[in-house]
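J.: no sequence for this one, just the structure:
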């Protein structure tokens, strides 16, 4: 029992809570400022050998996925649960304490009270008081003790549960944060049009994501209205689905989400070239030929199939393979400027006028297993904060006692969890409605 009390005391300690939250704040700040997921040489180059080693040794290169960050989140969640359980009996008792009280002296000690005499019987006066409170959206409980009548009305009782709901929201948010930190995935894939990449959707299951097309849409005024990227998911030879990804409209499949992050041109991986052909004397034979990368193109002026490969581009050069009709084959280099001599026996030179770069899109692959926990936590946080900070739980008691001549004396008392000015105004309205019967 002593050990349990010691553990409960540790988990409900305000000092321990402050220390845990301070450490979490410091680690979160470090994780936000330092690049995450780098290698040791990268940190050595960025911060120097000593501080780079310290960064890696302390696990600051992967703060949010580290064991100690997760342990601190679990500890903070346990502290929230412990604090909630510690005060739960008192809150449950307070939540259920709405007794019908016949003690008029207790009502006189409440923040709002009044006493008035009505020209009706006690039962009728009790019914009038009940009806007035219900018209003002109070839930009313009544009780009789011989000829005396009593009741209590409750309004905006949701305010009683604001604090517990807030505690529950913190638990959901912490659980969602732990799930995201430990099991989440956040990768970027740069893929050229027509290419694909493997996406793991299970322990032993991969699907292929193929980038089919990319387009920029414009409105009637010529302004950019949207960016669209067509994706296809395949498993082996089977087509699973096709989807058009737009900013903030990702493809969702098996707990993964694929967002369109950005696009760019990549000259290191061209899709085509524009070039001109010259003979050994420097005379232009063919001008501005559009050639697709890696695909043979027949050039009638030289009687040969020309295949341009950009995989070996270096300093503006590209490799050209010629297959003549006579069966002879040659290799050349496309240059940015003409030279005095050709690099092939035929004497031809190839001037590279333009490189047509490939279009590369950057796709963000996200896996957020705790997303629904965070959403539930945010909803509970909103409800709890509104209930605890803005709602005012109001209670109004009344006791009806008989008076000579068939009359009744009604004693009213009321209190509120906050906003006593609002209670005073509403209490005055209830009293005025009863005085109309006097």
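T.: All right, it came through fine. Given the structure is predicted, the values throughout are model-derived calculations rather than measurements.
J.: in the chain, what helix or strand scores lowest on average pLDDT?
T.: Using mean pLDDT, DSSP states H and E, the weakest-scoring helix or strand in the chain turns out to be helix 67-96, at a mean of 75.
J.: strands of the stretch 251-400 of the chain, start to end?
T.: Secondary structure of the stretch 251-400 of the chain (DSSP state E, counting those that start in this stretch): strands located at 251-253, 256-278, 284-292, 297-299, 304-309, 318-324, 329-334, 349-367, 394-403.
J.: most tightly packed of those?
T.: strand 394-403 (a mean of 23; mean count of other Cβ atoms under 10 Å). In this view, the C-beta of every residue, glycine as well, is placed from N, C-alpha and C.
J.: what's that one packed up against?
T.: helix 104-108, helix 122-135, strand 148-155, strand 407-416, helix 420-435 (3 or more Cβ pairs under 8 Å, 6 or more residues apart in numbering; DSSP states H and E).
J.: confidence score at the residue nearest to residue 179 when sequence neighbours are not counted?
T.: Once flanking residues are discounted, residue 179 sits nearest to residue 370: 2.8 Å by Cβ to Cβ, 6 or more residues apart in numbering. As predicted, residue 370 sits at a pLDDT of 81.
J.: ok, residue 370 touching residue 180?
T.: Yes: counting by Cβ atoms under 8 Å, residue 370 touches residue 180, with 4.8 Å between them.
J.: show me this structure divided up by domain.
T.: With automatic domain parsing as the criterion, the domains of the chain are listed as 2-94, 98-156+392-435, 182-266+361-383, 269-357.
J.: quick one: end-to-end distance for the last one.
T.: Start to finish, the residues bounding domain 269-357 are 6 Å apart (Cα to Cα, to the nearest Å).
J.: check the longest one too.
T.: In terms of Cα to Cα, the two terminal residues of domain 182-266+361-383 are separated by 28 Å.
J.: repeat that for stretch 275-288.
T.: End-to-end span of stretch 275-288 (Cα to Cα): 5 Å.
J.: hang on, the earlier thing: rebuild the helices and strands packed on strand 394-403 as a markdown table, extending it with mean neighbour count and distance to residue 344.
T.: Below are these laid out as a markdown table (neighbours: other Cβ atoms under 10 Å; distance: least, Cβ to Cβ, whole Å):
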| stretch | mean neighbour count | distance to residue 344 |
| --- | --- | --- |
| helix 104-108 | 15 | 110 |
| helix 122-135 | 19 | 101 |
| strand 148-155 | 22 | 95 |
| strand 407-416 | 21 | 96 |
| helix 420-435 | 16 | 94 |
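J.: quick one, what contacts the residue nearest the centre of the chain?
T.: By Cα atoms, centre = their mean, the chain has its centre lying nearest to residue 371, at 6.8 Å. Counting by Cβ atoms under 8 Å, 6 or more residues apart in numbering, residue 371 touches 176, 180.
J.: got a list of contacts for the helix or strand harbouring residue 181?
T.: Under the criterion of DSSP states H and E, residue 181 resides in helix 162-183. Outside helix 162-183, the residues that touch it by Cβ under 8 Å, 6+ apart are 64-65, 69-70, 73-74, 76-77, 80-81, 83-84, 88, 91, 367-374, 376-381, 383-389, 391.
J.: check which residues of it are buried.
T.: 162-182 (16 or more other Cβ atoms under 10 Å).
J.: follow the chain on from that helix and name the next helix or strand.
T.: Counting by DSSP H and E, what follows helix 162-183 is strand 185-192.
J.: so for that next one, mean pLDDT?
T.: For strand 185-192, mean pLDDT is 87.
J.: for it, which positions count as buried?
T.: For strand 185-192, by 16+ other Cβ under 10 Å, it's 189, 191, 192.
J.: picking that back up, can you put the strands of the stretch 251-400 of the chain in CSV and add mean pLDDT and distance to residue 213?
T.: Output for these, formatted as CSV (pLDDT from 0 to 100; distance: least, Cβ to Cβ, whole Å):
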stretch, mean pLDDT, distance to residue 213
strand 251-253, 91, 14
strand 256-278, 87, 12
strand 284-292, 89, 17
strand 297-299, 91, 24
strand 304-309, 90, 24
strand 318-324, 89, 26
strand 329-334, 89, 28
strand 349-367, 88, 10
strand 394-403, 92, 62
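J.: mind putting these in CSV, distance to residue 49 included?
T.: Listed next are the strands of the stretch 251-400 of the chain as CSV, based on distance: least, Cβ to Cβ, whole Å:
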stretch, distance to residue 49
strand 251-253, 43
strand 256-278, 32
strand 284-292, 49
strand 297-299, 54
strand 304-309, 43
strand 318-324, 42
strand 329-334, 43
strand 349-367, 32
strand 394-403, 67
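J.: buried among the contacts of helix 162-183? Make that a PyMOL selection.
T.: To isolate the buried subset of those in PyMOL, counting by 16+ other Cβ under 10 Å, use the following:
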select buried, resi 64+65+69+70+73+76+77+80+81+83+84+367+368+370+371+373+374+376+377+380+381+383+384+387+388+391
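J.: quick one: stretch 144-157 to chain centroid distance?
T.: Centre-to-centre, stretch 144-157 and its host chain are 48 Å apart (Cα atoms, centre = their mean, to the nearest Å).
J.: do stretch 114-132 as well
T.: Relative to its parent chain, stretch 114-132 has a centroid offset of 55 Å by Cα atoms, centre = their mean.
J.: do stretch 67-78 as well
T.: On Cα atoms, centre = their mean, the centre of stretch 67-78 falls 20 Å from that of its chain.
J.: do stretch 409-416 as well
T.: With Cα atoms, centre = their mean, you get 48 Å for stretch 409-416.
J.: going forward, count from 11.
T.: Okay, using 11 as the starting number, the last item reads as stretch 419-426.
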